[in-house]
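Chemist: next input, structure requested:
(one chain, ligands or ions: 1)
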Amino acid sequence: MYDVIVIGGGPAGLTAALYARRAGLTTLVLEGGALGGQAASTPEIENWPGSLHLSGAEFAMNLYEQVKALGAEVRFERASGLRDEGAVKRVLTPSGSWEGRTVILANGVRRRKLEVPGEERLAGRGVSYCATCDGNFFRGRETAVVGGGNTALEDALFLAKLCPKVWLIHRRDTFRGEEHLVRAVEHTGNIVPLMEHRVLSIRGDERVESVEVAGPEGVRELPVAGVFAAVGLIPDNSPFSPPLELDEHGYVRSGEDCRTNVPGVFAAGDTRAKVLRQLVTAAADGASAARQAGEYLD
Ligand code: NAP
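Modeler: This is a model prediction of the structure:
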């Protein structure tokens, strides 16, 4: 029986574990994939206060070493459900379950799919959701990035260093991403923005050979070897609801104190309903949730 079970080993979850251990609480972190969450695949973190140069991988590794040194237990298991048994919270995994007095849900969000013909069949064979992970496979080849947020702009800038041409396909006439990234894209000669364009299909037999797009001038086929989808994030909370209440978009309902509708269960980071989803707000949530868990146990 742990004092705190943290579901998710991203910035929110690992910060929660850090604060829980510093408060002397026995802590288990369950992570179903790679530590560090979305931040781990970011080449350069530019908005972590006080840090001029930090890669996502370094950030994740530092945080992991910090929580391990403080005595948190980290297990690579995916939590598949949550049962509220009053004083005991049971976290289900495919191979069994873990018992905690409190639970901090910090499972983040997952990447949205384009949902066009060819995407699923060619996933991993030219269709990718992580430019920093897979970009190097496309060195010297033409590629396309889909989306208009920070991720799409950063992906296009990253790929432009490796690829002769990067098409940036966005469905609206303005980008959603931050101004400094938009300016950087505009000043990068081998990024070709295709505004007001939608992807119709991704084509190829064994691997991606082209992407079919529709825009104001009609339908055209772009000869690309890779399609990087960067069309946003969606929460993945159905395994935990019930007992947790979700909002209409699927995020866990909770306030700044990270309390949920279930006493003893807290939500931290991107998984909860909130205005700003950033590294600093995720870490801040982790600290608040651990503090609230300590108060609940007291
Ligand atoms: P996002 O900001 O939600 O942007 C998603 C983009 O994809 C939008 O431009 C959206 O178009 C487009 N889109 C959504 N569904 C689509 C579809 N089915 N087909 C085509 N296009 C579609 O997502 P994100 O860029 O992954 O960023 C997620 C969060 O992380 C944001 O809060 C972002 O600020 C943050 N982030 C921050 C940094 C940083 O600070 N350096 C880096 C990366 C991410 P519309 O614009 O038309 O809606």
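Chemist: for the stretch 51-200 of the chain, which residue gets nearest to the ligand?
Modeler: Nearest to the ligand in the stretch 51-200 of the chain, going by CB to the nearest ligand atom, is Gly149, at a distance of 2.4 Å. The C-beta positions use only the backbone N, C-alpha and C, and glycine is treated the same way.
Chemist: for that residue, give me its contacts.
Modeler: Applying CB atoms under 8 Å, 6 or more residues apart in numbering to Gly149 gives the contacts 175-177, 230-232.
Chemist: repeat the analysis, applying 10 Å as the threshold.
Modeler: Counting by CB atoms under 10 Å, 6 or more residues apart in numbering, Gly149 touches 155, 170, 175-178, 181, 230-233.
Chemist: out of those, which end up buried?
Modeler: Buried members of the contacts of Gly149, counted by 16 or more other CB atoms under 10 Å: 155, 170, 175, 177, 181, 230-231, 233.
Chemist: that older thread, want to throw the contacts of Gly149 into a markdown table with pLDDT and distance to the ligand?
Modeler: Below are the contacts of Gly149 laid out as a markdown table (pLDDT from 0 to 100; distance: CB to the nearest ligand atom, whole Å):
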| residue | pLDDT | distance to the ligand |
| --- | --- | --- |
| Asp155 | 94 | 9 |
| His170 | 98 | 6 |
| Phe175 | 97 | 7 |
| Arg176 | 95 | 4 |
| Gly177 | 94 | 6 |
| Glu178 | 93 | 7 |
| Leu181 | 96 | 7 |
| Ala230 | 96 | 6 |
| Val231 | 97 | 4 |
| Gly232 | 91 | 3 |
| Leu233 | 89 | 5 |
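Chemist: can you flag which of the residues you listed belong to strands?
Modeler: Members of these lying in strands (criterion: DSSP state E): Leu233.
Chemist: nearest to Ile7 among the contacts of Gly149?
Modeler: Of all those, the one with the least separation from Ile7 (CB to CB) is Leu233, at 17.2 Å.
Chemist: stretch 80-95 - what's its average pLDDT?
Modeler: For stretch 80-95, mean pLDDT rounds to 96.
Chemist: residues making contact with it?
Modeler: Identification of contacts with stretch 80-95 by CB under 10 Å, 6+ apart yields 1-2, 4-7, 28, 30, 32, 75, 77-79, 96-103, 105, 237-244, 261-265.
Chemist: again, but for stretch 44-64
Modeler: 9-11, 13-15, 17-18, 29, 31, 34-43, 72, 74, 132, 154, 158, 178, 180, 278-280, 283, 286.
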